[in-house]
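Undergrad: A structural model of the following input is requested.
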Amino acid sequence: MITLRHSLKSVGLLTALSMLGACVSFGGAEPPPSLLSLSADNMVSAGAAHSGPQSGSLVVALPATPQKLNTLRVPVQTSSTAIAYLKDAVWIDKPARQFRDLLSETIAAKNNRLVLTATEAGGKAQTYVTGELVNFGLDGPSLLVTVTYDAVKMTEGQPVQKKRFEVSEEVSAAEAGPVGQGLNDAANAVAIQVAEWVG
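TA: A predicted model of the protein is given here:
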């Protein structure tokens, strides 16, 4: 005989399962075999120390992005007006945050600069580098990955400067591995150019 107590337990179990289903997928698309990430070619050596006043530091701000890059997916330009996303290519974090971290690391390593986060600088940094990450994806027909960064440099007591940096790399196939490596290479090349410009 089914009692009221058993009925309430069943309802409670079904409710719990439905709530879990909203957070965890029990089917559907398979997760990608691996996640893509950027790695800096130029890194600060372990144990290296930079010191100086906050007022002499540099901050690399999170770049703005178009909506096509506000995702963990890799955009593919399939025609002049159409964009798709590359199968099985998923970033470990959004491109803007990864590029900012790579750029900060590159500037610190190449220029021996004290690079702080905005929080660490407390609004007292000497130089701020900001801008927009315009392109960070694949052109399908040409198999070219392109990283385009419109950089803005604001240094206390000096005019604001803006410059576009762009590097393209040819990839062997429209697949996660080659495209991820190509974007990593292009991002590092852009970061080196920006570091030289920033000084």
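
Undergrad: the host helix or strand of residue 96: what's the following helix or strand?
TA: Assessed by DSSP states H and E, residue 96 sits inside helix 95-111. On the C-terminal side of helix 95-111, the nearest following helix or strand under DSSP H and E is strand 115-116.

Undergrad: list the buried ones in the helix or strand that that next one is followed by?
TA: Remark: after strand 115-116, the chain's next helix or strand is helix 118-121, criterion DSSP H and E. Applying a neighbour-count criterion of 16 or more other CB atoms under 10 Å, one finds residue 121 buried in helix 118-121. Placement of C-beta: from N, CA and C, glycine included.

Undergrad: so what touches helix 118-121?
TA: Residues from elsewhere that reach helix 118-121, judged by CB atoms under 8 Å, 6 or more residues apart in numbering: 54, 57, 59, 61, 125.

Undergrad: which helices and strands sit right next to the next helix or strand after that helix?
TA: The element immediately downstream of helix 118-121 (helix or strand, assigned by DSSP H and E) is strand 127-139. With contacts taken as 3 or more CB pairs under 8 Å, 6 or more residues apart in numbering; DSSP states H and E, strand 127-139 sits against strand 58-60, strand 73-77, helix 95-111, strand 144-155, strand 161-170, helix 176-198.

Undergrad: what mean pLDDT does the longest one have?
TA: Along helix 176-198, the predicted confidence averages to a pLDDT of 98.

Undergrad: between strand 144-155 and that helix, find me the angle.
TA: Helix 176-198 and strand 144-155 are oriented at 30 degrees to each other (axes from the mean of the first three to the mean of the last three CA atoms, to 10 degrees).

Undergrad: for helix 176-198, C-alpha coordinates in PDB please.
TA: The C-alpha coordinates for helix 176-198 follow below in PDB (Å, rounded to 0.1, in the frame of the first residue of the first chain):
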ATOM      1  CA  ALA A 176      40.800  22.700 -32.700                       C
ATOM      2  CA  GLY A 177      44.500  21.800 -32.500                       C
ATOM      3  CA  PRO A 178      45.900  23.700 -35.400                       C
ATOM      4  CA  VAL A 179      43.600  26.700 -34.900                       C
ATOM      5  CA  GLY A 180      44.400  26.900 -31.200                       C
ATOM      6  CA  GLN A 181      48.200  26.800 -31.900                       C
ATOM      7  CA  GLY A 182      47.900  29.400 -34.600                       C
ATOM      8  CA  LEU A 183      46.000  31.800 -32.400                       C
ATOM      9  CA  ASN A 184      48.500  31.300 -29.600                       C
ATOM     10  CA  ASP A 185      51.400  32.100 -32.000                       C
ATOM     11  CA  ALA A 186      49.600  35.100 -33.400                       C
ATOM     12  CA  ALA A 187      48.600  36.400 -29.900                       C
ATOM     13  CA  ASN A 188      52.300  36.200 -28.800                       C
ATOM     14  CA  ALA A 189      53.500  38.000 -31.900                       C
ATOM     15  CA  VAL A 190      50.900  40.800 -31.200                       C
ATOM     16  CA  ALA A 191      52.000  40.900 -27.600                       C
ATOM     17  CA  ILE A 192      55.600  41.400 -28.500                       C
ATOM     18  CA  GLN A 193      54.800  44.300 -30.800                       C
ATOM     19  CA  VAL A 194      52.600  45.900 -28.100                       C
ATOM     20  CA  ALA A 195      55.400  45.500 -25.600                       C
ATOM     21  CA  GLU A 196      57.900  47.200 -27.900                       C
ATOM     22  CA  TRP A 197      55.400  50.100 -28.500                       C
ATOM     23  CA  VAL A 198      54.600  50.500 -24.800                       C
END
